[in-house]
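**Q** just a sequence and a predicted model for now, questions to come.
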Amino acid sequence: MKRSKYQYLIEPLLKEPIFKASEARSRGIPPRMLAHFCQKGLIERVGRGLYRVVQAPSGINIDFEELVLTASSIPKGVVCLVSALCYYNLTDQIMREYWIAIPNEDKSPQRPHTRIVRMRNMSLGLTTVKMGKYEVKIFDRERTIVDAFRYLSDEIAIKALQAYLKPSSGQKADLPKLSKYAKALRININKYILALTT
């Protein structure tokens, strides 16, 4: 069967796990052809103007692949809360949704299986981690713990704090940093820290 010119044009885009409709347009691929490639099962639409390549190797741990692709598709997005707790092994929660923080003034992007959380302070505890070939923005462990007390149930937050304080977690707890973050975000977690460390 003869290959269409659009199959040749889309091939470079199929080497990456995700691409934007604007990238396809700049290569001369019209929206109707993107719809055609979706029907063929070559790509799938994951958001407005955003496509995922079905067979693309990402080099990412399978447990976090969808999270990374989702986070990478939101320019100002930062992995937070349950997703960050899962990444840091600070919870026994199952990541049923991808938790992504965005600046409070930004419009919420629509992504499947994604919970968008608007936050005012996006710089406190912001860090990046390498997953496969992606640099993913995520809040550090201390910010994640404090945010758990702000946005999640006490039960989830206390369990996360317990896991954070255990020496067996591989990284040492930084209590001054944790207290500094809690103060900056106006959350009093001292009583929980005292209860778990005395």
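**A** Received, thanks. Residues are numbered from 1 along each chain as shown.
**Q** low-confidence ranges, the chain, go.
**A** Applying pLDDT under 70 to the chain flags the ranges 1-3, 56-63, 168-170.
**Q** domains of it?
**A** In terms of domains, the chain is parsed into 5-53, 65-197 (source: automatic domain parsing).
**Q** start and end of the first one, how far apart?
**A** Taking C-alpha to C-alpha, to the nearest Å, the span from the opening residue of domain 5-53 to its closing residue is 19 Å.
**Q** again with the last one
**A** The distance separating the two terminal residues of domain 65-197, taken as C-alpha to C-alpha, comes to 35 Å.
**Q** that older thread, reformat the domains of the chain as a markdown table; add mean neighbour count.
**A** Every residue, glycine included, has its C-beta placed from N, CA and C. Converted to a markdown table, the domains of the chain look like this (neighbours: other C-beta atoms under 10 Å):
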| stretch | mean neighbour count |
| --- | --- |
| domain 5-53 | 16 |
| domain 65-197 | 17 |
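**Q** would you put the C-alpha positions of whatever helix or strand Ala163 lives in in CSV?
**A** If you go by DSSP states H and E, Ala163 is part of helix 154-165. Extracted C-alpha coordinates of helix 154-165, given in CSV (Å, rounded to 0.1, in the frame of the first residue of the first chain):
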residue,chain,number,x,y,z
ASP,A,154,-5.2,14.8,58.1
GLU,A,155,-4.8,11.1,57.8
ILE,A,156,-2.9,11.3,54.5
ALA,A,157,-0.8,14.2,55.7
ILE,A,158,0.1,12.6,59.0
LYS,A,159,1.1,9.3,57.3
ALA,A,160,3.2,11.2,54.8
LEU,A,161,4.9,13.1,57.7
GLN,A,162,5.6,9.7,59.5
ALA,A,163,7.2,8.3,56.3
TYR,A,164,9.2,11.5,55.9
LEU,A,165,10.6,11.3,59.4
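**Q** cool, thanks, talk later.
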